[in-house]
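In: okay, sequence plus prediction incoming.
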Amino acid sequence: MTPRGVVVVREKSSLSSEERRLFVDKAPARPRFALDASRVNLQERSILSLTDVGSKDSGILSGPKAANLGQLARYFPSEVPPGLVIPFGIYWEHINRPMPGDSEPLSRRIAAAYVEADRMREAGATPAEVSAFIYPKLAEFRRKIRSMPLLPPFQRLLTERLQRMFGQDGSYGVFVRSDTNAEDLPEFTGAGLNLTVPNQVGLPNILQAIREVWASPFSERAYDWRARIMTGSERIYPSVIVQRAAASDKSGVIATVNLESGEKDESTVNVSEGVSAVVDGGVAESLLLRPDGSTRLLQQARGTYRKRLRPEGGFENVPVSGEERVLSDEEAARVRRLIADVKAKYPPVKMEAGETMPWDIEFGFEGGRLRLFQIRPLVRYQEVRLLEAFSKIEGPAGGTARTVALDDRLAE
């Protein structure tokens, strides 16, 4: 079925070689790949500012979120809210010790459990048998990490860094985000598997959110997704981003490509009122920014409520403004300038075939000021290219192809 909802029936012999590759030929099943953690630095125990890390640190000190966000903060220092990065090494320092009541380090127990689960899988155990073994282990690891005492030097240093960067305890909120070395890989994106704890206010809540983030890679869902395509889960390390919460009046996602046609000189913007609106599944206003400066409305926002930060932490739902458009003309122009700046400043990321990937950018407007929360290559671009190919195989509207009902009997 094409993006316009047309079912195309073609004889296999009429397909071009490119169409055969996309729609007919099946790639051989890939064996599971081994997670490469050879570059991970577990000796770095300092709490870093966002601007201390960059793309070169991805998979070494932190995961790709922090590395890309740090790079973004260097290019756009006034648009990226300030934040701290807790590197892999601090997590490792906490789990590479016996937990209360244990005689061996938690890291050793984690490694043994994952190695045994991989051995069972390779020996022919069913998924249910592997799950019956590993799920109770994962639950135990999550429980121990969520309740473990934090090392006093780390807690003292974090308290000092939080006050220096954000101000008096209780006067600000932060988003606490997981960022592992098993995300945005060529073979596996890992998007959405780990945890973001939003708008945490007060030191006790922030400290517990860090524990929750450290525990999140041990969820059954995260394990199942990873285990299907990779080995070496014992070498997964979460870093943590602690970033000031931005009280966005509106927020959304930019794809620097036309998501319907694949045209790279156009951009698709989805935006809704409130904080984390589109990322959390809100009904968004969808716009197409064209190269001639015009804007096409693809879909109007239909939300009734928007999320607003509560001073004491968390969110509250309040009615939307009722305005016909979410993004003003001035804000749309600011987004255009941002897209042009990103394309000019960022080194391109290439796909296997050598084609440049578009960018996926999370943004917001806080009191009229543009805020940037994340940037990464648009991993869904491969799907966009497939949809574009479907559009081409459909042919132009009003062409010579015959349209039939699906229950019509075709002539032999």
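Out: It's in.

In: residues touching Ser178, list them.
Out: Going by C-beta atoms under 8 Å, 6 or more residues apart in numbering, Ser178 touches Gly63, Asn194, Leu195, Thr196, Val213, Trp214, Ser216, Pro217, Pro238, Val240. C-beta here means a position set from N, CA and C on the backbone, and glycine is covered the same way.

In: once you drop chain neighbours, what's closest to it?
Out: Closest residue to Ser178 apart from its sequence neighbours, by C-beta to C-beta, 6 or more residues apart in numbering: Asn194 at 3.6 Å.

In: the one you found is in contact with Ser216, isn't it?
Out: Yes. Using C-beta atoms under 8 Å, Asn194 is in contact with Ser216, at 4.5 Å.

In: how about the helices in the stretch 301-412 of the chain?
Out: Applying DSSP state H, counting those that start in this stretch to the stretch 301-412 of the chain gives helices spanning 329-345, 381-394.

In: go through those helices and find the least confident stretch.
Out: Mean pLDDT values for the helices of the stretch 301-412 of the chain show the minimum at helix 381-394, a mean of 52.

In: rounded mean pLDDT for the longest helix anywhere in the chain, please.
Out: Counting residues, the longest helix found in the chain (DSSP state H) is helix 127-147. For helix 127-147, mean pLDDT rounds to 97.

In: so Asp118 sits in a helix?
Out: Yes. Asp118: assigned to a helix according to DSSP: H, G, I helix; E, B strand; the rest coil.

In: from what I can see it touches Thr231, true?
Out: Yes. Judged on C-beta under 8 Å, Asp118 makes contact with Thr231 at a distance of 5.5 Å.

In: I'd guess Thr268 is in a strand, am I close?
Out: Yes. Secondary structure of Thr268 (three-state DSSP): part of a strand.

In: returning to that earlier point: least confident of the contacts of Ser178?
Out: Asn194 (78).

In: count residues in the vicinity of it, would you?
Out: By other C-beta atoms under 10 Å, 25 other residues sit near Asn194.

In: what about it, which SS state?
Out: Per three-state DSSP, Asn194 ends up coil.

In: could you pull out the strands for the stretch 1-150 of the chain?
Out: Ranges of strands in the stretch 1-150 of the chain, per DSSP state E, counting those that start in this stretch, are 33-34, 48-49, 83-86.

In: and among these, the most buried is which?
Out: Sort the strands of the stretch 1-150 of the chain by mean neighbour count, taking mean count of other C-beta atoms under 10 Å, and strand 83-86 sits at the top with a mean of 25.

In: domain map for this protein?
Out: 39-244, 250-392 (automatic domain parsing).

In: as a markdown table, the ones you listed with distance to Ser13 would be great.
Out: What follows is the domains of the chain, written out as a markdown table (distance: least, C-beta to C-beta, whole Å):
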| stretch | distance to Ser13 |
| --- | --- |
| domain 39-244 | 34 |
| domain 250-392 | 18 |
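
In: lowest mean pLDDT across these, which one is that?
Out: domain 250-392 (a mean of 86).

In: roughly how far is that domain from the heart of the chain?
Out: The gap between where domain 250-392 is centred and where its chain is centred comes out at 14 Å by C-alpha atoms, centre = their mean, to the nearest Å.

In: likewise for stretch 246-262?
Out: 14 Å.

In: buried set for stretch 221-236?
Out: Neighbour-count burial for stretch 221-236 flags Ala222, Tyr223, Trp225, Arg226, Ala227, Met230, Thr231, Gly232, Ser233, Glu234, Arg235, Ile236 (criterion: 16 or more other C-beta atoms under 10 Å).

In: again with stretch 335-353
Out: Neighbour counts using 16+ other C-beta under 10 Å place Val335, Arg336, Leu338, Ile339, Val342, Tyr346 of stretch 335-353 among the buried residues.

In: cool, stretch 287-297 as well?
Out: For stretch 287-297, the neighbour count (16+ other C-beta under 10 Å) marks Leu287, Leu288, Leu289, Thr295 as buried.

In: against Ser103, how distant is the nearest residue to the third one once chain neighbours are set aside?
Out: By that I understand Leu289. Nearest residue to Leu289 in three dimensions, chain neighbours excluded: Ser267, at 4.5 Å (C-beta to C-beta, 6+ apart). Computed as C-beta to C-beta, to the nearest Å, the Ser267 to Ser103 distance reads 57 Å.

In: the more surrounded of those two?
Out: Higher neighbour count among Ser267 and Ser103: Ser267, with 26 against 6, using other C-beta under 10 Å.

In: surely the more buried one meets Ala255?
Out: Yes. When contacts are counted by C-beta under 8 Å, Ser267 is listed as touching Ala255 (6.5 Å).

In: re earlier: which of the buried residues of stretch 335-353 sits closest to Pro377?
Out: Nearest to Pro377 among the buried residues of stretch 335-353: Tyr346, at 9.8 Å, using C-beta to C-beta.

In: residues contacting that closest one?
Out: Neighbours of Tyr346 in contact, by C-beta under 8 Å, 6+ apart: Gln71, Tyr75, Trp359, Ile375.

In: in PyMOL, how would I select the buried members of the residues you listed?
Out: Listed next is the PyMOL selection for buried residues among the contacts of Tyr346, using 16+ other C-beta under 10 Å:
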select buried, resi 71+359+375
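
In: from the contacts of Tyr346, which is closest to Arg143?
Out: Distance to Arg143, by C-beta to C-beta, is smallest for Ile375 among these, at 34.9 Å.

In: wait, doesn't that closest one sit right on Ala66?
Out: No. Between Ile375 and Ala66 there is no contact under C-beta under 8 Å: 12.0 Å.

In: between these two, which contacts overlap?
Out: By C-beta under 8 Å, 6+ apart, no residue touches both Ile375 and Ala66.

In: so what's Val174 closest to, chain neighbours aside?
Out: Per C-beta to C-beta, 6+ apart, closest to Val174 is Val242, 5.1 Å.

In: that neighbour and Met357, how far apart?
Out: Separation of Val242 from Met357 (C-beta to C-beta): 29 Å.

In: more neighbours, those two?
Out: Val242 (26 against 19).

In: just read off the phi/psi values of that one.
Out: Phi and psi for Val242, reported as degrees, to the nearest 10, are phi -120, psi 110.

In: what's the answer for the one 10 residues further on, then?
Out: Main-chain dihedrals, Gly252, degrees, to the nearest 10: phi -180, psi -170.

In: neighbours of it, how many?
Out: 28.

In: now do the contacts for it.
Out: Listed by C-beta under 8 Å, 6+ apart, the contact set of Gly252 reads Val269, Asn270, Val271, Ser272, Ala277, Val278, Ala284, Glu285, Leu327, Glu362, Phe363, Gly364.
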